[in-house]
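K.L.:
Predicted model follows, preceded by the sequence.
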Amino acid sequence: MRLATILIALLVSAMLAVGCQSLKNPRKNWTAQRYYQEGKAALAAGNYKDAIEYFEGLEARYPYGRYSEQAQMEIAYAYYRDNEPELAIQAAERFIRLHPTHPHVAYAYYLKGIVNVREEKGINNLLKTRGTKALDRDAKAAHDAYLAFSEVVERFPNSQYARDAALRMAYLNNSLAKYEVEVARYYLDQDAYVAAANRCRYVIENYQRSPAVEDAIGIQALAYKAMGFETLMQDSIRVLETNFPNSNYLAEIKGQPVKKKKKKKQKNKQQQQKLLYKSS
């Protein structure tokens with residue numbers, strides 16, 4: 001009788017111990033699918049930190065298989081939505097490195113571009129920025145975005161992200177050209193004429209279809225004029241006269257009064273585009 005009592009006590013103790021362990025680690029017996037479903041639910045609810053925790057838990061417990069691979073992509077997207085750009089880029093780059101031929105690798109490049117683009121904070125606020133270090137940092141983000149989108153367009157032209165990536169590349173192309181022109185103008189104002197002329201030459205050679213080319217040629221001519229390079233200045237004037245006969249730079253270079261262009265008020269028609277990616 002006493003032996004039976006002892007055995008029952010031991011059994012109860014064992015059951016309690018198992019129960020306590022389950023309470024301490026309720027996810028101990030979760031399958032990869034359960035982790036993924038919980039992560040997706042948290043993601044849909046906007047609980048991005050919880051989603052990241054579930055997806056990282058999935059990858060730790062089940063490092064191989066389709067759920068683990070998909071979780072790695074979901075982590076990048078969750079970091080993006082949680083306003084953690086550096087972590088989102090790192091996660092996207094990790095996915096690209098681990099799965100270069102994965103069906104969703106095009107999206108990894110696309111997401112990397114989306115995170116990097118920073119249109120409003122960087123390129124469009126150059127005039128408010130002082131010093132070239134901050135400008136270079138902003139340009140790097142835009143340049144990295146351009147490269148990421150170009151990967152999508154060139155390597156995955158039939159993907160659902162290719163068209164949007166191409167549109168964003170066109171926008172970034174003009175923005176980067178404008179950036180170079182603004183830096184050239186900054187150098188011109190600082191009497192750094194060689195640096196200004198070099199920046200303008202870079203725009204002329206690399207962004208020929210951008211509207212910023214007119215500014216680049218004009219600023220370049222002004223820099224040559226300031227340095228006393230008459231021949232180079234006349235060459236720039238000829239290019240301006242041929243391609244932009246009504247350019248205000250022509251009058252400015254010749255020391256004539258500049259006609260002010262009437263600025264038309266334009267409504268901002270650009271709306272933030274939603275991500276095309278819909279995780280499954």
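P.N.:
Alright, I've got the coordinates.
K.L.:
residue ranges with poor pLDDT in the chain?
P.N.:
1-26, 118-138, 256-280 (pLDDT under 70).
K.L.:
I'd like the distance between residue 247 and residue 204.
P.N.:
As judged by C-beta to C-beta, to the nearest Å, residue 247 and residue 204 stand 14 Å apart. (Each C-beta comes from the backbone N, C-alpha and C, glycine too.)
K.L.:
what do you get for residue 44?
P.N.:
49 Å.
K.L.:
where along the chain do the helices fall?
P.N.:
For the chain, the helices defined by DSSP state H cover 2-24, 32-44, 48-61, 66-81, 85-98, 105-117, 132-155, 162-189, 193-206, 212-227, 230-243, 248-253.
K.L.:
now, of these, which is deepest in the fold?
P.N.:
Ranked by mean neighbour count under mean count of other C-beta atoms under 10 Å, these are led by helix 105-117, which reaches a mean of 25.
K.L.:
what's the angle from that helix to helix 66-81?
P.N.:
Put simply, helix 105-117 runs at 20 degrees to helix 66-81, going by axes from the mean of the first three to the mean of the last three C-alpha atoms, to 10 degrees.
K.L.:
Output helix 105-117 as CSV, nothing but the C-alphas.
P.N.:
Only the C-alpha atoms of helix 105-117 are listed here, as CSV (Å, rounded to 0.1, in the frame of the first residue of the first chain):
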residue,chain,number,x,y,z
VAL,A,105,14.3,36.3,-54.7
ALA,A,106,13.1,39.0,-57.1
TYR,A,107,11.0,40.3,-54.3
ALA,A,108,14.0,40.4,-51.9
TYR,A,109,15.7,42.7,-54.4
TYR,A,110,12.6,44.8,-54.8
LEU,A,111,12.1,45.1,-51.0
LYS,A,112,15.7,46.1,-50.6
GLY,A,113,15.1,48.9,-53.2
ILE,A,114,11.9,50.0,-51.4
VAL,A,115,13.6,50.3,-48.1
ASN,A,116,16.6,52.2,-49.6
VAL,A,117,14.7,54.7,-51.7
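K.L.:
For that helix, name the packing helices and strands.
P.N.:
helix 66-81, helix 85-98, helix 132-155, helix 162-189 (3 or more C-beta pairs under 8 Å, 6 or more residues apart in numbering; DSSP states H and E).
K.L.:
quick check: angle from that helix to helix 162-189?
P.N.:
Between the axes of helix 105-117 and helix 162-189, defined by the same axes, to 10 degrees, the angle is 30 degrees.
K.L.:
contacting residues around helix 105-117?
P.N.:
Helix 105-117 is contacted from outside by 73, 76-77, 80, 85, 88-89, 92-93, 95-96, 99, 102, 141-142, 144-146, 148-149, 151-152, 155-156, 159, 161-162, 164-165, 168, 172, 275-277, using C-beta atoms under 8 Å, 6 or more residues apart in numbering.
K.L.:
let's see it at 7 Å
P.N.:
Residues from elsewhere that reach helix 105-117, judged by C-beta atoms under 7 Å, 6 or more residues apart in numbering: 73, 76-77, 80, 85, 88-89, 92-93, 95-96, 99, 141-142, 144-145, 148-149, 151-152, 156, 159, 161, 165, 168, 275, 277.
K.L.:
gap between it and the chain center?
P.N.:
Offset of helix 105-117 from its chain centre (C-alpha atoms, centre = their mean, to the nearest Å): 7 Å.
K.L.:
what angle sits between that helix and helix 85-98?
P.N.:
Using the same axes, to 10 degrees: helix 105-117 against helix 85-98 is 160 degrees.
K.L.:
between helix 105-117 and helix 132-155, how big is the angle?
P.N.:
Using the same axes, to 10 degrees: helix 105-117 against helix 132-155 is 160 degrees.
K.L.:
which residue is nearest the centroid of the protein?
P.N.:
In the chain, the C-alpha nearest the mean C-alpha coordinate belongs to residue 116, at 1.6 Å (C-alpha atoms, centre = their mean).
K.L.:
separation between the closest residue to that one other than its chain neighbours and residue 229?
P.N.:
When the adjacent residues along the chain are set aside, residue 116 lies closest to residue 145, with 3.7 Å between them (C-beta to C-beta, 6 or more residues apart in numbering). Relative to residue 229, residue 145 is positioned 36 Å away (criterion: C-beta to C-beta).
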